[in-house]
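S.K.: quick one, structure for this:
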Amino acid sequence: MRIMGLDYGSVTVGVAISDSLLLTAQGIEVIRRKQENKLRRTLARIEELIKEYEVSKIVLGYPKNMNNTIGERAKKSEEFAELLKKRTSLEVILWDERLTTVAASQVLTEGGLGYTKQEAVIDKIAAVFILQGYLDKLYNEKNNE
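M.R.: Next up, the predicted model:
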């Protein structure tokens, strides 16, 4: 089984999937929608990917404020997590994603991608950072037992 990482934004969802050994995260795609509250197709695509990759758990980015408070985006992520749980019956883990988009942008800039090209993939790379952080935690916990 694999784990799915999601970077939930106002009109996009970046998607990453772990390898079967739960060691690495790979970016899969960016799901786009025209309006923030139009989630039917987004949820349907996530369900397709869950089946295709045999996903057993979802790690959803949780955009806390820098001072550790819960803002509007984090509340929307909590609501999305509840939708995912109801729709998929999978465990959904909220994972602190502070600065993942900044880190993803830095990696893409260092790789020579300009801003316009970054827009197409940055959410997918942020999803990789979110999922990889969770996988690293699992690995460290396993090795410290």
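S.K.: give me the nearest residue to D123, chain neighbours excluded.
M.R.: G14 (3.1 Å; C-beta to C-beta, 6 or more residues apart in numbering). The C-beta positions use only the backbone N, C-alpha and C, and glycine is treated the same way.
S.K.: so what does the top helix by length along the chain touch, helix or strand wise?
M.R.: Scanning the chain for the helix with the most residues, using DSSP state H, yields helix 115-143. When contacts are defined as 3 or more C-beta pairs under 8 Å, 6 or more residues apart in numbering; DSSP states H and E, helix 115-143 packs onto strand 2-8, strand 12-18, strand 25-32, strand 55-62, strand 91-96, helix 100-110.
S.K.: reformat the ones you listed as TSV; add distance to A127.
M.R.: TSV is the format used below for those (distance: least, C-beta to C-beta, whole Å):
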stretch	distance to A127
strand 2-8	4
strand 12-18	4
strand 25-32	6
strand 55-62	7
strand 91-96	11
helix 100-110	8
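S.K.: quick one, grab the pLDDT at the nearest residue to E54 once chain neighbours are set aside.
M.R.: Nearest non-adjacent residue to E54, counting by C-beta to C-beta, 6+ apart: M1, 5.6 Å away. pLDDT, M1: 90.
S.K.: what about M1, how many neighbours?
M.R.: 10 (other C-beta atoms under 10 Å).
S.K.: hmm, back to that, now do the buried residues in the longest helix of the chain.
M.R.: Under the neighbour-count criterion of 16 or more other C-beta atoms under 10 Å, helix 115-143 has 118, 121-135 buried.
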